[in-house]
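A.B. asks: any chance you could fold what I've pasted below:
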Amino acid sequence: MSKEEYIAAIDIGSSNVSAVIAQMIPEEKPRIVGVGKSSTQGLRKGVIVDLEEVTQSIKSSVEQAERMAGTRIEEVYASVGGSHLSCAATKGVIAVGKADGEVTEEDVERAIEASQAINVPHNYEIIHIIPQSFNLDNQTGIKEPVGMNGVRLEMRGIIVIAFSPHLRNISKCLNNAGIDLTGFVASPLASAKSVLNKRQKELGVALIDIGGGTTSLAVYEERELIYLSVLPVGAGHITNDVAIGMRTSIDVAEDVKIRYGSALPGEIGKGEQINLAEINSEEEGSISRKHISEIIEARTEEIFQMAEKELKKINRSALLPAGAVLTGGGSCLHGMVDLAKDNLKLPAQVGFPMELSGLIDKVDDPTFAVSVGLIMWAAEEDRGRGSSGGDFLEKFKDFKNFDKVKDVKKWFKGFLPGS
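C.D. replies: Numbers count the residues shown, from 1 in each chain. Predicted structure coming up:
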């Protein structure tokens, strides 16, 4: 089977690097055939601080996935996370090209391309342009303007920007690992792709991805992204707090957090003790499980309160009918859903990756939300490049990846008839 029938993705997180390989089957969902995961200490708050460490973690996870899949991968889609990610509103205005005023796909392309003429902070670049709606003369709120008639077409949307040196560092790590980069996808968007369904996005939902070094927030309404933010606190900070409270190593604290941790100290009896010797033979004595839970609760509440402040910024506090969906490794802690409900004043649930086939048991875990989302993103983009026609705009919304590694105009040509 040729290499072109496989797609691969790498999620470079603060704690772990995950690689997933999927087989593309016509008219079917991508089939997961390989999964790899390795820990890393080369990132801080989503930003690379040790190129060699990250490169080795990429190699390790990719080799695991390749052995499982029985094939080698040469290029991947990579996630972009970290507190440097941000979004901003943008718009692009053009005059409709045809003399009779009928809007064409080329007009839509030009309007989207015109929206890039926005001041971006120094050392930052656009990685996504996300159309939300179009205005055609006096007609507003249009989702698909192709075929309609008018003179002035305006696209309103959101751009997602990332720190340019970080993007270059990711590219360098991949190159050092012998892998080419196909494109970047912002981690919150990848998570949303795999975890949220259309109804949730239609009603209004907040995706909260609790990673090792950061927590990502993506808010959707009427099926469109309306806000994105990355908070500089994650599950790793909970582990650090537990280590300080226990006066022990990070590794022991992580084990205690995973095996006995809870964000709800009220459910734990005062007499419950954790025998540290069962965790690590070099440790001795015991510690109150309730005390550990109180430490976890304090940091977790901080995370959700920071998320609540972000929702207040966009006037969506307690106003999202589909509530909050938690994902990422930090969402697996007992009591996270209840604490989210209390702090966000919203319904809450843990989100799991969906919509794929194959070795789904290997990725049926919130920690793989970004990796699976990258595969879904790549699969839709791959299929979109091979088709054309009236559903252009709907396809474009799914593949809004303006990776500066490639030329934007060249990217557009893949959607034009006859390409």
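A.B. asks: the helices in the stretch 51-200 of the chain, which residues?
C.D. replies: Applying DSSP state H, counting those that start in this stretch to the stretch 51-200 of the chain gives helices spanning 51-69, 105-114, 164-176, 187-195, 198-203.
A.B. asks: same check on the stretch 301-419 of the chain?
C.D. replies: Listed in chain order, the helices of the stretch 301-419 of the chain (DSSP H, counting those that start in this stretch) span 336-344, 360-363, 369-385, 392-398, 408-413.
A.B. asks: my read: residue 124 touches residue 161, true?
C.D. replies: Yes - between residue 124 and residue 161 there is a contact under Cβ atoms under 8 Å: 4.7 Å. (Glycine included, C-beta is placed from N, CA and C.)
A.B. asks: tell me what the helix or strand hosting residue 244 is packed against?
C.D. replies: Under the criterion of DSSP states H and E, residue 244 resides in helix 235-246. If contacts are counted by 3 or more Cβ pairs under 8 Å, 6 or more residues apart in numbering; DSSP states H and E, helix 235-246 sits against helix 250-260, helix 289-313.
A.B. asks: can you do 10 Å?
C.D. replies: helix 250-260, strand 286-288, helix 289-313 (3 or more Cβ pairs under 10 Å, 6 or more residues apart in numbering; DSSP states H and E).
A.B. asks: which SS class is the residue lying closest to residue 236 once chain neighbours are set aside?
C.D. replies: Computed as Cβ to Cβ, 6 or more residues apart in numbering, the closest residue to residue 236 that is not its neighbour in sequence is residue 212, at 4.4 Å. Using DSSP: H, G, I helix; E, B strand; the rest coil, the structure places residue 212 in coil.
A.B. asks: wait, what's in contact with residue 95?
C.D. replies: By Cβ atoms under 10 Å, 6 or more residues apart in numbering, residue 95 lies in contact with 101, 107, 110, 150, 151, 152, 153.
A.B. asks: quick check, pLDDT for it.
C.D. replies: Listed pLDDT for residue 95 reads 94.
A.B. asks: from here on, call the first residue 7.
C.D. replies: Renumbered: residue one is now 7, and that last one reads residue 101.
A.B. asks: what's the local residue count around the residue nearest to residue 242?
C.D. replies: By other Cβ atoms under 10 Å, 26 other residues sit near residue 218.
A.B. asks: list the contacts of residue 82.
C.D. replies: 13-16, 25-27, 64, 68, 71, 180, 183, 185-189, 380, 384.
A.B. asks: at 7 Å what do you get?
C.D. replies: Counting by Cβ atoms under 7 Å, 6 or more residues apart in numbering, residue 82 touches 14, 15, 16, 180, 185, 187, 188.
A.B. asks: and the gap between it and residue 24?
C.D. replies: Residue 82 sits 11 Å away from residue 24, going by Cβ to Cβ, to the nearest Å.
A.B. asks: about what we covered before: so the residue nearest to residue 242 touches residue 239, yeah?
C.D. replies: No - the pair residue 218 / residue 239 is not scored as a contact, 10.6 Å apart, by Cβ atoms under 7 Å.
A.B. asks: any idea how far residue 286 is from residue 262?
C.D. replies: 10 Å.
A.B. asks: my bad, residue 15
C.D. replies: To residue 286, residue 15 is 35 Å away according to Cβ to Cβ.
A.B. asks: looking at these two, which is more packed in?
C.D. replies: residue 15 (28 against 14).
A.B. asks: returning to that earlier point: dump the helices and strands packed on helix 241-252 into JSON lines; add mean neighbour count as well.
C.D. replies: Below are those laid out as JSON lines (neighbours: other Cβ atoms under 10 Å):
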{"stretch": "helix 256-266", "mean neighbour count": "18"}
{"stretch": "strand 292-294", "mean neighbour count": "17"}
{"stretch": "helix 295-319", "mean neighbour count": "19"}
